[in-house]
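Undergrad: sequence first, predicted coordinates after that:
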Amino acid sequence: MAIKPLKQPSSASSAAVRLSKIAVSNTHGEDSPYFAGWKAYDENPYDESSNPSGVIQMGLAENQVSFDLLEKYLEKNSSDATSSGRVSSFRENALFQDYHGLLSFRKAMASFMGKIRGGRAKFDPERIVITAGATAANELLTFILADPGDALLVPTPYYPGFDRDLRWRTGVHIVPIHCDSSNAFEITPAALDSAYSDAESRGLRVRGVLITNPSNPLGATVKRAVLEHVLDFASLKNIHLVSDEIYSGSAFSDAEFVSVAEVLEARGGRGSERCHIVYSLSKDLGLPGFRVGTIYSYNDAVVTTARRMSSFTLISSQTQQLLATMLSDEEFTAGYIETNRERLRRRYRMIVDGLGRAGIECLKGNAGLFCWMNLSPFLKEGTVGEELALWECILREVKLNISPGVSCHCAEPGWFRVCFANMSEQTLQVALARIHDFVERRRGNQ
Amino acid sequence: MLTNQEQLLSKIASNDGHGENSAFFDGWKAYDSDPYHPTQNPNGVIQMGLAENQLSMDLVEEWVRNNPQASICTPKGASQFKDIAIYQDYHGLPEFRNAVARFMEKVRGNRVRFDPDRIVMSGGATGAQETLAFCLADPGEALLVPTPYYPGNDRDLTWRTGIELIPVVCDSSNDFKFTRDALETAFNKAQESNTKVKGLLLNNPSNPLGTVLDREALSMAINFINDKNIHLICDEIYSATVFDEPGFISIAEILQESPQTNPELIHIIYSLSKDLGFPGFRVGILYSYNDAVVSCARKMSSFGLVSTQTQLLLASMLSDEEFLEKFLAESAARLCARRSMLCQGLAQMGVGSLKGSAGLYCWMDLRRLLKAATFEAEMELWRVIVNDVRINVSPGASFHCSEPGWFRVCFANMDDETMRVALGRISKLVMQSNKNSESRKPCRRRSKLEISLSFRRLDEIMMSPHSPMTSPLVRART
């Protein structure tokens, strides 16, 4: 007999059996418009044949453009799941719970990360800590680098999930480093200083800067000069630098992406003990379901502690095994990285050109699974209220779920993140046609 | 590296909450640096400190071989690869949740139903425990936990959460069962120090005791938490390792029979690491009868979801009724046989162990081998066992046991031959101790012995060609 839950807890019991403050807070962020659009999509999802007027999901940064390459690899390399060609037997693998992670997996990840950086940086497998996704990696690093009440500086606009990942259970604050379109949203020394002072004046102790490179939602890599400056700033203030490089393999061309790892190597490792890189296979390989995240730290104490903490969030040994084999296949990885870049670049051109024909501009991008679209000309006053109204209109009338800049804490209203890699080219064309019609209608109405 | 490194890290990162600075890690280090192998390293340390279930892995391997469609790495299963790899919904694959719910019901003899929508994933039971602590208590608040308890609780429940664990002290006078008095004492102690108690954590079957809670104890616990209006967390991770009477009674069953209990106070923790022997797959489950907790825990599960590759495999395996029937029966039988081998072997040396019907270990009574009834003496004996007898066992102090002299000995992570070798080594230790016993204090009151001592039979049963040349106890005293 199933136990039916009480529909509403009685006021007496809910007062006495209060859940934690963390549990009742809404720092998980799921009430934000970023997620509201998802619900609209879930209720009425677009399908080419069965639901052609449904909502097209352009709010989910997923990479589906290169799946065929993975499937081809599996076709060539699949075998009996328990043995033959595998590094360890099913039994050994099922029992393997060492929080160091499979050595073969760490070696393969280190090699893959090096390849993505065109061999310009080398990664030591002993510094790789495994976590179930970058979500866990970012939270874990925050627990290690900051105490409750401390602050991390994060350039805006930023990935909405950071509000939950960096703050919810850790009790740490995010203080924004405001960037704007006057210089393509690049981080300036003035903005960094201003954010630091802002934190100080609020009585918050700054423990680090967290950047995303390539940036989500901008879809652009961070310039070398900016990385150098942020590193110098971190050294000067004696704080940490976390570089979330989850989109590193999604830069459209190898040459344009500069990792903090390269900058450190060029400096002979000077200042590296304050640097930590977050990576994951969710975006570059399109495997978000497998929960594969890593922390790469140049700081021994952080590696040791992160490893211990990873007990709460290890990667399934079964998945480590699969990826160890896949990522150590030189031919496959080289081919994949190059082809994936090419296809993403093509996709980007398609959407940016299509938007251009509708008279819409985007930030010049060179990486990622999305473009940063400028609809500020559509706003009369340039307020957040107008941005949200426009977003709602696009969701309800145009039936596109895109992400409003306010959900990314963008300081300038009117910008939207539009994902392009989680659908077929046909669907993308349908979406572009809808946008085109929408713009025409608005022009007609003015 | 700069010497001021530690200052750059958080308090959580710099404290000992991870638990690895405890002396007991020396046992692991001793094993890691010198692991036993029957031919390559016969004098190495035998690992009996790791509660792993390896006895029925062959059955699982056979199932995996026969079910290639359940694995995305095989030609049969590869067609599902894309959908599985993309699926990141924190609700988890519906077929996975359904299969887990059905499995949990089966393990409880279908005496209760579990709602798949109340199943939340986590990074192993380790992750589930921490998530629950984050949901139920604020930093500085406390959970009551009967001793002896699993050492990992300290890290899992308190390290990053900032909550406290308050022991509910149990002892051998009644086989370490918790009493209402003990619960009240612990609760009052908390109140006196202005610490708010938010819940009671039970582990049933118990690690390290290897016993199950009876109906009376479970009802008493439910009445207690209901009276105090606090939560009840039941870690049922060993539920399918029950191999004998008394059988397993889940808190779910008691809840069903207690309509006056507020179900919103009840939460179950589960995992496949022990029952099925898959610690590497990191399958943790949190089941709550409280909607708000389910909702919150599910959001938190983003920090520790189960790989969809693994969800798929298990969705298939756990829906195979025929396989499960066979596995559960066979696994129980093998665990029963192995435990008997260990405990009867110990009994024949005059070493008692707590009578139990579950788990992957037994709770061994070495009190009469202690030089004094102190934890220092227990530590000394433990070092002898690790360094000289060359077996890693877990001393009671690491489980916060109130009485020195008890040790947890794992038996399901090795083959029969290794078990024989281990028993042989223990017998040498005991024999030497018996020789020295005239110079010692009189024996303490013992707990139940299963069979009385018989030295003559020892040589017949213990075939141990690899015995140390000199007695470890003699060496320890000089």
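TA: Yes, it's here. What you see is a predicted model; the values in this text were computed from it and never measured.

Undergrad: am I right that residue B:342 is in contact with residue B:411?
TA: Yes: between residue B:342 and residue B:411 there is a contact under C-beta atoms under 8 Å: 4.7 Å. Any C-beta I mention is one placed from the backbone N, CA and C, and that applies to glycine too.

Undergrad: got the contact list for the residue nearest the centre of chain B?
TA: In chain B, the centroid-proximal residue (C-alpha atoms, centre = their mean) is residue B:207; its distance is 4.0 Å. Neighbouring residues of residue B:207 by C-beta atoms under 8 Å, 6 or more residues apart in numbering or on different chains: B:51, B:149, B:150, B:237, B:238, B:359, B:361, B:408.

Undergrad: can you check residue B:233 too?
TA: With contact set as C-beta under 8 Å, 6+ apart, residue B:233 has these partners: B:129, B:132, B:136, B:143, B:199, B:200, B:201, B:202, B:267, B:268, B:269.

Undergrad: phi first, then psi, for it.
TA: Main-chain torsions, residue B:233, degrees, to the nearest 10: phi -110, psi 120.

Undergrad: partner residues bridging it?
TA: Residue B:233 has these beta-bridge partners by DSSP bridges: residue B:201, residue B:267.

Undergrad: neighbours of the closest residue to residue B:266 other than its chain neighbours, how many?
TA: Setting aside the residues directly before and after it, residue B:266 is nearest to residue B:289 in space (C-beta to C-beta, 6 or more residues apart in numbering or on different chains), at 4.8 Å. Neighbour count of residue B:289, defined by other C-beta atoms under 10 Å in any protein chain shown: 23.

Undergrad: hey, what's in contact with both of residue B:342 and residue B:411?
TA: B:362, B:419.

Undergrad: what bits of the stretch 301-450 of chain B have low per-residue confidence?
TA: Residue ranges of the stretch 301-450 of chain B with pLDDT under 70: B:438-450.

Undergrad: just the helices in it please.
TA: Ranges of helices within the stretch 301-450 of chain B are B:308-317, B:321-348, B:375-387, B:416-436, based on DSSP state H, counting those that start in this stretch.

Undergrad: with mean neighbour count and distance to chain A added, can I get these in TSV?
TA: Output for these, formatted as TSV (neighbours: other C-beta atoms under 10 Å in any protein chain shown; distance: least, C-beta to the nearest C-beta, whole Å):
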stretch	mean neighbour count	distance to chain A
helix B:308-317	24	3
helix B:321-348	18	14
helix B:375-387	19	20
helix B:416-436	19	15
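
Undergrad: mind checking which of the ones you listed is nearest residue B:186?
TA: In terms of C-beta to C-beta, the element of the helices of the stretch 301-450 of chain B nearest to residue B:186 is helix B:375-387, at 20.3 Å.

Undergrad: check the offset of that closest one from the chain's centre.
TA: Chain-centre distance of helix B:375-387: 22 Å, with C-alpha atoms, centre = their mean, to the nearest Å.

Undergrad: ditto for stretch B:50-68
TA: Taking C-alpha atoms, centre = their mean, one finds stretch B:50-68 lying 20 Å from the centre of the chain it belongs to.

Undergrad: in that stretch, what counts as buried?
TA: Using 16 or more other C-beta atoms under 10 Å in any protein chain shown as the test for burial, stretch B:50-68 gives B:50-57, B:59-61, B:63-64, B:67-68.

Undergrad: ok so, going back, from the contacts of residue B:207, which is closest to chain A?
TA: Nearest to chain A, judged by C-beta to the nearest C-beta, of the contacts of residue B:207 is residue B:51 at 11.4 Å.

Undergrad: from residue B:207, how far out is the closest residue to the closest one other than its chain neighbours?
TA: What sits nearest to residue B:51 in space, not counting adjacent residues and going by C-beta to C-beta, 6+ apart, is residue B:360, at 4.6 Å. Distance, residue B:360 to residue B:207, using C-beta to C-beta, to the nearest Å: 8 Å.

Undergrad: does the residue nearest to residue B:277 when sequence neighbours are not counted lie in a helix or a strand, and which?
TA: In this structure, residue B:277 finds its nearest non-sequential neighbour in residue B:53, 4.2 Å apart by C-beta to C-beta, 6+ apart. Using DSSP states H and E, residue B:53 sits within no helix or strand.

Undergrad: elements contacting the helix ranked longest in chain A?
TA: Within chain A, and with DSSP state H defining each element, the longest helix by residue count is helix A:330-357. Judged by 3 or more C-beta pairs under 8 Å, 6 or more residues apart in numbering or on different chains; DSSP states H and E, helix A:330-357 is in contact with helix A:67-77, helix A:103-116, helix A:317-327, strand A:361-362, strand A:370-374, helix A:425-445.

Undergrad: I'd like the average pLDDT over it.
TA: On average, the pLDDT along helix A:330-357 is 97.

Undergrad: list the buried ones in that helix?
TA: For helix A:330-357, the neighbour count (16+ other C-beta under 10 Å) marks A:332-333, A:336-337, A:340-341, A:343-345, A:347-348, A:351-352, A:354-355 as buried.

Undergrad: distance from that helix to the middle of the chain?
TA: Centroid separation between helix A:330-357 and its chain, computed with C-alpha atoms, centre = their mean, is 18 Å.

Undergrad: ok, stretch A:401-408 next?
TA: In this view, stretch A:401-408 has its centroid 14 Å away from the chain centroid, taken as C-alpha atoms, centre = their mean.

Undergrad: now stretch B:185-192
TA: 27 Å.

Undergrad: buried ones in that stretch?
TA: Burial within stretch B:185-192, assessed by neighbour count using 16+ other C-beta under 10 Å, is assigned to B:186, B:187, B:189, B:190.

Undergrad: what about the helices in the stretch 51-200 of chain A?
TA: According to DSSP H, counting those that start in this stretch, the helices that the stretch 51-200 of chain A contains are A:67-77, A:90-95, A:103-116, A:134-145, A:161-167, A:189-201.
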